[in-house]
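Engineer: this one's sequence-less:
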């Protein structure tokens, strides 16, 4: 069993996980289930990153998505309880139309994807942390600052939207 | 150090936002009411006249400050300065018209101004960007605060609805856009405009991934600018958002979207212009027609203005589509965006004279006899509407004239004719508002009026500017021409 | 004096302005004196001018200023004084003066006295311009000016509907004629490059026959409108709704003869255009007999005179058409006198009877109104062409002209018409003045008119009686011919040598015709053999046809006018519903489109997102199409 | 590595369009938000894959991903705040029911 | 007296009036005085301008130039030639009369705004006639729009809103298409950097315009002017606008605004697009003749006084286009005279219809009658204008119409020839007599009516308004030659430009 073969197997499994998880997010009737499957998809995605040799990104992915965002979403789910309703009513009326239009586009795009025939660069020497950090903190210092402002703005925005009036 | 100097306006805006937040906490409620806008105004003016001079006119100082900074990640040129100035002016205008409304509707003013400033900062960032990453961050910094602004009147269900719709669709479109960026990165191997342009120059459009990338970017940026058929969030979001916020979000994000379109599509993806310009021409025609036709049947003034802003997107997009005309195309976009900013913000702000329930605007009937009840406000509103129609001697007319030029020059005669006919269509509903204001008598149940000196002053100044720039448009045009030069020499 | 010829119209114009500006408020009855004085002074000057022309000043052009000059088109305000125009000036001013004097009495109690004389003066001015002009365009000014005054004066009593209707009808039918005039005038300019008579006539040779025929027919349409020739005649009888002096001056003596004058003026053109001349002759002859037949059965004294005028104008055109323009002008002049007299006499009767015009209610008036009676008798004799009254000479000229031109059919028509004329004038005079009074109440109150009215009658009667003698003897070498001839005949036209015996023979025939008419008239109305009522019954349908004026008014006023109104109404409906409907429809279409499009704005976020995706698909396909070359760049 | 970049991109595009489909199909605003996150993840995957392309590795894709993390977090925070504040006024997160404004 | 920059002064004097108007906005008396004085000053100034004009020269005079949008070659460029020099005083006179009449009590509400609208309108109207740069012309062309829109919409009758929107939409539809064409002309005027919109410069390079270009450009310009004029079948806005407009608005609308269309044809369409002119000319001539007949025919069945006069304007303006497009001196001079005459006469007709309406509050012809008994002065004035309108020789209407007909007869460049279309057009004159006299008779004549007994005859202000128009009506009919002498040289040049596409002329 060659390394390549393992990679391929891993890739297939992760693909399965991603696609399955994503489909689950869309089609599960329990919202918490959707949220958890979303986290699962994120995880699989992190696996993909590892497979691609972007371990740092994978770590971030796990921290931010699986950690922060999923938790946020779960809070969101908890704060907005809904009455139970039949499965069909989880979907919009336009669902068949959506399927009709999305499927061809998705197919179209996925087919185009295969025109990228280059191989993948599995592992960088010394990992991807250093180049990434260098990029983010030196080259991309300006957008990084902006991003921090963005977080600040989002924080203020979120607070102003949800704080109670008497505060 | 040079780097910091280059972004002084942004820093000043950020500091102003910070000052507002601090002042909001420290100042008493009464002092805050006018104190906060004062701080914002001072801050924005300071940004405008910052040492490196993003002055209203391309001065020598401004020219000295142009260049590339932050290791090539920030680019300050005439284009940047034009938009910076525009955003600052729009933010200033939006700030000055807001206080009475905010106080009346008990909207948290400090957060409102701060969020407005953050959004402005995001818009300014867009124009500084040299690569897709910075652009995207700037775009989000501009957009996310606007979601908040739309929903900031949180007790109002229309405000909620506006924010929710805007947010869901905005996030959706951002995802489309970023996915398009990803593919573009894949195709060209770079996120920097200049590299992208170089790469595309060799490959052209003749491969699937490029088509995918271009399509997604078209949709993503088209969404931000409210191009039909990616426009449907616009009426609902504009309609439901608090009116001062609507005034701002109808102009600044749209201007920023066009800045982004110019940077990304015209600059970075310029080599593909032969392909996208025809599609854009078609989109422009559809956009202006759909916007106008639907505006025609609206009875609510605010919603009508929302649809009309879609139509204006169409006009601007027509100039973008005429990219092959070169400098005149870019200048037309910039001039139009500037003119549109002034007049559309003004038009929405004129609705602030009316004391209405919730966030929604007055119906046409509620405007009956407005000119007798509030002559000055009606006059400014009429000026804005006439300018939006494109009748001289207003800046709106010059803008239309300038748009038609590149469109014809690029060979889209049909588009120019469609544009002209659309302007006729638009005249009908814009002037119908004037009809209601001037030609009907007030009704007994007409909404109460709010008199705000600050509102009148700022509307008066901008209405005057709208007329003045219509009579002597040359300096603005020269500025726009110079500002478009980095993109379309 | 000729150089000052412009003073002649200037005086009435001055009178018009003075009366118009100050008449109603300040001058009141002085207006009559001012207007009459002005026209009398004009008459004196016209006489002087006439004498000068007689003295050898055959053709003088007096230019005031350039009126219109655009490119090669130039028209001056200038007068042509030649025998023809000098005669016309004389006739207009002299007859005019007499009628003005009469009107001072006739209108004395009308509250529109000042207005009347204002417009009367304006009429005199316009008529003088018409006859003095040295070009067609300036003549047209007078031409339309007299038409306007005719309109104003027919509708003088504007509070009643009938005068108004008659006035409108007169103006509109004249306008139809003016249309022809305009075409003739413009075509003349196109062909000859000028509108000045002398220049045009000098170049007659350069025109083709077709050109000339077109020009002449067009001018004749104008003349027919003004001079009430078929088929544009029907306004003139209606025009009797105006005050009687108006009928006398405008609708008998002067304005209606403008058409004759126009054709006479244009003789060189008409002569050169053979077919047109033929048309003139035929239309004239038909009109003459046509109107005479209607005059046979009318009971309104003024209508009899009106149809008589139409008939006599027909004679004049007949004369023009057979190449006897001198006779036409001569008859014009004599007719001006005796027909004015007949009208004024009728006016005197009407005045005396308190505005009664129906002859069936008159009778025996000769005892009450002797002056009127005797003067009218003279005029009637002239109209019936009894020698030696003026009418005889001029009508004889016409008839002999017709005969000598070889168109004996036209001559025969003329003779028949002469019989009819004599008959109806006898009938009218008998019914009015002889027999027993049929309405004693009216008769009791009848009175002779004041001197201011009878004096003009006498003056006109003298003219009617003696003017004919001017013709000289033998007629074709007499004064009139030698004086007028050069002005209206084409140079080099073959002189006709006529046996004197032929002329005398023709004269005898026409005298006989007159006498036959009178005899029949006397037989029927004095002896009742045959009884008029019996004749009426026997004639049945023909009588009804005549009484109803051949149903032409019905045809015009109802069928044609109604049809046009209906058609115009349809056009208006077309305007409102189709043209405007189209414009509004476009607007409505946009609104409908908007209504449809706004239904796509469902308010549901998912739908919006789907739209975005559909848009994405479209954009993708479009770009793909461009990339694959399916679409052209 | 023998797996071509295209394969990763294909996976990412499938993930992306599942996300798109989710946005179009689901009624629950929170689920829609999740689907948007799936779309962003698809972008992340694509960016990382492109940036790890054999022969021309380029950190910028990964850098982009880092920024997308930040943006996604901000977006979710604000988005949930909006959903929440809307929910307070009217207890529903069903987007089909939020349609007071239309036409 | 010579005044420098007189044209610019003409354009700014009304603007100067706006400030005191605003300051005295709460004092109706003062606003009236300000407006009357301003328009009077403007009138005097325009007469001074006329006096400074050198008769007999074809070229533009009193020219002033300044850069406006230099990088686009757009200039502030004004000047007058024989065609426009008479239209300017006509405009100022009619504006003065309108303002004077309105200050006499015809306008009761918001008088200050009304006067302000009129002053703005005056700038636009004068500007249209003096602009020599297409951009400036367009600005002025549109500047006339909004004030008139407000005048009809605020001070108009019951259906004023429908009427005013229709007016604006129609006009804009034409003018915006023209705007596209103006831009196209600009693009065609040379390589980038040397483009221009100055009329003389454009004339100098017009031979570079391709035939196809001229076809479309003429169509676009023509559409704008045809709607403004208005030509059949674009005329339906006119009756509505006139019926609803206040009297002063009708005077200006008929007197001046319509002229902008005819003037535009002469000033721009003909010299710039000679080939386009040749191509479109048969269509325009046929439409003109249709307009003459159709307008007159429809007038005869009108029930509303103002509508009747409005439709008659359609017919009269048909003579203008007909005269212009037969492309000979007689026709063109006739057309310009017709524009002047129609301005004075129809303006006066609307004035008198308005005076009448103000007293009786009736406009339906069938409801009126017998006014002549009570208003002799009114009847006289009104009668003269009616007669002038129906083309009575000796009054001004005749000269123009006759010259146009004369020109039409001469013209052969149209199917069936001038000998067909000329007589047809002349039928319009017959019809004019029909409807105008019918109307006059029905309104003025007939038995006296008691309820009109107390209504006063013309007031002194109204007489002052009417007298200048009356004098001009007579003077231009009796002595048209001075006007022709002013008009003709410039018109000859325009015709030469239109007839000879390659002819170049050295112009300022």
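Structural biologist: On my side now, so go ahead. None of these values were measured; they are calculated from a predicted model.

Engineer: just the helices in chain D please.
Structural biologist: In chain D, the segments counted as helices under DSSP state H are D:5-25, D:29-51, D:60-89.

Engineer: quick check, central residue of chain B?
Structural biologist: residue B:251 (2.4 Å; Cα atoms, centre = their mean).

Engineer: now do the same contact list for that one.
Structural biologist: Contacts for residue B:251 (Cβ atoms under 8 Å, 6 or more residues apart in numbering or on different chains) come out as B:90, B:340, B:341, B:344, B:345. (Each C-beta comes from the backbone N, C-alpha and C, glycine too.)

Engineer: narrow those to those in helices?
Structural biologist: Under the assignment DSSP H, those contribute B:90, B:340, B:341, B:344, B:345 to helices.

Engineer: mind listing what's buried along the longest helix that chain C contains?
Structural biologist: For chain C, the helix with the greatest residue count under DSSP H is helix C:161-192. Along helix C:161-192, these residues count as buried under the neighbour rule (16 or more other Cβ atoms under 10 Å in any protein chain shown): C:163-192.

Engineer: select the longest strand from chain E.
Structural biologist: strand E:61-69 (DSSP state E).

Engineer: hmm, that strand touching chain B?
Structural biologist: Yes: using Cβ under 8 Å from any Cβ of the partner chain, strand E:61-69 reaches chain B at E:67, E:68, E:69.

Engineer: returning to that earlier point: ok, and which of the buried residues of helix C:161-192 reach chain E?
Structural biologist: Okay, of the buried residues of helix C:161-192 touching chain E (Cβ under 8 Å from any Cβ), that's C:164, C:167-168, C:171-172, C:175-176, C:178-179, C:182-183, C:186-187, C:189-190.

Engineer: what score does the closest residue in space to residue D:29 that isn't next to it in sequence have for pLDDT?
Structural biologist: Of all residues not flanking residue D:29 in the chain, residue D:93 sits nearest, at 4.3 Å (Cβ to Cβ, 6 or more residues apart in numbering or on different chains). Per-residue pLDDT puts residue D:93 at 83.

Engineer: residue D:93 contacts residue D:32, correct?
Structural biologist: No: under the criterion of Cβ atoms under 8 Å, residue D:93 makes no contact with residue D:32, lying 9.1 Å away.

Engineer: who has more neighbours out of those two?
Structural biologist: residue D:32 (30 against 26; other Cβ atoms under 10 Å in any protein chain shown).

Engineer: isn't that one right up against residue D:95?
Structural biologist: Yes: counting by Cβ under 8 Å, residue D:32 does reach residue D:95; the two are 6.7 Å apart.

Engineer: list the residues that contact both of the two?
Structural biologist: Joint contacts of residue D:32 and residue D:95 (Cβ under 8 Å, 6+ apart) are B:168, C:605.

Engineer: so where's chain C uncertain?
Structural biologist: Residue ranges of chain C with pLDDT under 70: C:472-478, C:487-498, C:632-633.

Engineer: got the residues of it near chain D?
Structural biologist: C:598, C:599, C:601, C:602, C:603, C:604, C:605, C:606, C:609, C:610, C:613.

Engineer: could you turn the buried ones of these into a PyMOL selection?
Structural biologist: Remark: buried members of these, expressed as a PyMOL selection using 16+ other Cβ under 10 Å:
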select buried, chain C and resi 598+601+602+603+604+605+606+609+610+613
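
Engineer: which positions in the stretch 251-400 of chain B make contact with chain D?
Structural biologist: residue B:303.

Engineer: please enumerate the strands of the stretch 251-400 of chain B.
Structural biologist: B:354-355 (DSSP state E, counting those that start in this stretch).

Engineer: low-confidence ranges, the chain, go.
Structural biologist: Using chain A here. Using pLDDT under 70, chain A drops low at A:1-2, A:121-126, A:165-167.

Engineer: correction: the question concerned chain D.
Structural biologist: D:1.

Engineer: count the neighbours of residue 11 for me.
Structural biologist: Answering for chain A, as no chain was given. Using other Cβ under 10 Å as the criterion, residue A:11 is surrounded by 21 other residues.

Engineer: right idea, wrong chain: chain C
Structural biologist: Neighbour tally, residue C:11, other Cβ under 10 Å: 26.

Engineer: with residue B:358 instead?
Structural biologist: 14.

Engineer: ok, now which ones touch it?
Structural biologist: Contacts of residue B:358 (Cβ under 8 Å, 6+ apart): B:153, B:156, B:157, B:158, B:159.

Engineer: will you turn these into JSON lines that also has neighbour count and pLDDT?
Structural biologist: Output for the contacts of residue B:358, formatted as JSON lines (neighbours: other Cβ atoms under 10 Å in any protein chain shown; pLDDT from 0 to 100):
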{"residue": "B:153", "neighbour count": "29", "pLDDT": "90"}
{"residue": "B:156", "neighbour count": "21", "pLDDT": "89"}
{"residue": "B:157", "neighbour count": "18", "pLDDT": "88"}
{"residue": "B:158", "neighbour count": "22", "pLDDT": "91"}
{"residue": "B:159", "neighbour count": "27", "pLDDT": "92"}
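
Engineer: picking that back up, so does the helix or strand that comes right after the longest strand of chain E get close to chain B?
Structural biologist: Later in the chain than strand E:61-69, the nearest helix or strand by DSSP states H and E is strand E:74-80. No: counting by Cβ under 8 Å from any Cβ, chain B is not contacted by strand E:74-80; separation bottoms out at 8.7 Å.

Engineer: residues of chain A that sit close to chain C?
Structural biologist: Residues of chain A lying near chain C (Cβ under 8 Å from any Cβ): A:92, A:94, A:97, A:98, A:101, A:102, A:104, A:105, A:108.

Engineer: need the residues that contact the one helix or strand residue A:22 maps to.
Structural biologist: Following DSSP H and E, one finds residue A:22 within helix A:3-27. Here helix A:3-27 makes contact (Cβ under 8 Å, 6+ apart) with A:33-34, A:37-38, A:40-41, A:43-45, A:47-48, A:51, A:122, D:1-3, D:7, D:11, D:14-15, D:18-19, D:21-22, D:25-26, D:31, D:34-35, D:38, D:45.

Engineer: could you flag which of the residues you listed are buried?
Structural biologist: Here, 16+ other Cβ under 10 Å leaves A:34, A:37-38, A:40-41, A:43-45, A:47-48, A:51, A:122, D:1, D:3, D:7, D:11, D:14-15, D:18-19, D:21-22, D:25-26, D:31, D:34-35, D:38, D:45 buried among the contacts of helix A:3-27.

Engineer: circling back: phi, psi of the residue nearest to residue D:29?
Structural biologist: phi -120, psi 20 (degrees, to the nearest 10).

Engineer: quick one: contacts for it?
Structural biologist: Residue D:93 neighbours (Cβ under 8 Å, 6+ apart): A:80, A:82, D:28, D:29, D:30, D:83, D:86, D:87.

Engineer: neighbours around the last one, how many?
Structural biologist: In terms of burial, residue D:87 registers 22 neighbours under the definition other Cβ under 10 Å.

Engineer: now residue 32: closest residue in space that isn't a chain neighbour?
Structural biologist: Assuming you mean chain A. residue A:77 (6.0 Å).

Engineer: that's the other chain; I wanted chain E
Structural biologist: Nearest non-adjacent residue to residue E:32, counting by Cβ to Cβ, 6+ apart: residue E:103, 3.7 Å away.

Engineer: burial count for the one you found?
Structural biologist: For residue E:103, using other Cβ under 10 Å, the count is 23.

Engineer: distance check, it against residue B:438.
Structural biologist: 21 Å (Cβ to Cβ, to the nearest Å).

Engineer: now for whichever residue of chain A sits closest to chain E: which residues touch it?
Structural biologist: Nearest residue of chain A to chain E: residue A:142, at 34.3 Å (Cβ to the nearest Cβ). Shown in contact with residue A:142 (Cβ under 8 Å, 6+ apart): B:3, B:7, B:69, B:70, B:73, B:74, B:128, B:134.

Engineer: try it again at 7 Å.
Structural biologist: B:70, B:73, B:74, B:134 (Cβ atoms under 7 Å, 6 or more residues apart in numbering or on different chains).
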